[in-house]
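S.K.: let me see the structure of the following:
(one chain, ligands or ions: 2)
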Amino acid sequence: MGRTIAVTNQKGGVGKTTTSVNLSACLAYLGKKVLLIDIDPQGNATSGVGINKGETQHCIYDVLIDDEDIRNVIKVTKVENLSVVPATISLAGAEVELVSTISREVRLKHALEDVKDHYDYVIIDCPPSLGLLTINALTAADAVIIPVQCEFYALEGLSQLLSTIRLVQKHLNQELYIDGVVLTMLDARTNLGIQVIEEVKKYFQEKVYKSIIPRNVRLSEAPSHGEPIIIYDPKSRGAEIYLELAREVVKNG
Ligand SMILES: Nc1ncnc2c1ncn2[C@@H]1O[C@H](COP(=O)(O)OP(=O)(O)OP(=O)(O)O)[C@@H](O)[C@H]1O
Ligand SMILES: [Mg+2]
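M.R.: Ligands and ions are numbered 1, 2, ... in the order given. Predicted structure coming up:
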């Protein structure tokens, strides 16, 4: 049976999308069948795997709000084994529209029931908020990956995220667990980065992945070419480290 993993942190710009796209592509590279779900109205994961948002008719919005069959929304990507459920700007309205919708927290979970078992991994790229879109992701997921940026305010907001996860566990998804915390954008030249690593390890202990993602220019360039790093520059440090992370995730189950 496949595993569904939500990549989440309500803090903006910590590496959620970079991790979702590249972890998905690396899992696919390892021979796993992967479905990447973009549930962020910014649609960065969608364009990050080479899907043109302007030419996308249906997106995750139609699934969540209009009960469109998710199978009609899935698109194949140029990465073998990797498909995507795209997001477009129309999703921006969903957060408000969901409020008055029946079973508003379980819409994604129900939509995935038909397709989940066709994939080894379903990876969900969450928006930078703890609203209903993220709640849908946490309710549909088996596990959570939390990217934490190696910078001064790294731990800020994490207690709010953890209490949201606990609330979801209590009321919506008892089985939800944290697969791991991934440290991102490490600048190894600074002491600050090392301090943050120690602090995060003290807090999350063995939940911190051994693969720590360094700042890598190739990782920041790849999205503008619509390619995950494993395609854009497979020999780069960014590709190596996301492949290592993918192996850790596979080892976890
Ligand atoms: N390891 C890295 N090295 C260099 N640049 C990176 C790295 N990880 C992410 N970036 C860049 O940092 C920016 C933010 O990353 P990303 O979009 O993945 O964060 P996010 O958490 O998804 O943001 P948002 O909260 O807006 O969805 C992007 O421009 C991305 O290209
Ligand atoms: Mg993002």
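S.K.: do you know how far Ser211 is from ligand 1?
M.R.: Noted for Ser211: a distance of 11 Å to ligand 1, by Cβ to the nearest ligand atom, to the nearest Å. For glycine as for every other residue, the C-beta is placed from the backbone atoms N, C-alpha and C.
S.K.: also Val79?
M.R.: Relative to ligand 1, and taking Cβ to the nearest ligand atom, Val79 is found at 17 Å.
S.K.: for Asn252, same thing?
M.R.: Taking Cβ to the nearest ligand atom, one finds Asn252 at 21 Å from ligand 1.
S.K.: ok, Glu156 next?
M.R.: When Glu156 is compared with ligand 1 (using Cβ to the nearest ligand atom), they lie 14 Å apart.
S.K.: I figured that residue was touching Lys11, is that so?
M.R.: Yes - at 7.4 Å, Glu156 and Lys11 qualify as touching, with contact defined as Cβ atoms under 8 Å.
S.K.: if you count what's nearby, which of the two comes out ahead?
M.R.: A direct count of neighbours by other Cβ atoms under 10 Å for Glu156 and Lys11 places Lys11 higher, at 20 against 10.
S.K.: and ligand 2, is stretch 204-224 touching that?
M.R.: No - using Cβ under 5 Å from the ion, stretch 204-224 stays clear of ligand 2, with a minimum separation of 10.1 Å.
S.K.: how about residues contacting that stretch?
M.R.: 15, 17-19, 21-22, 44, 47-48, 150, 178, 180-188, 197, 200-201, 228-229, 231-233, 236-239, 241-242, 244-245, 248 (Cβ atoms under 8 Å, 6 or more residues apart in numbering).
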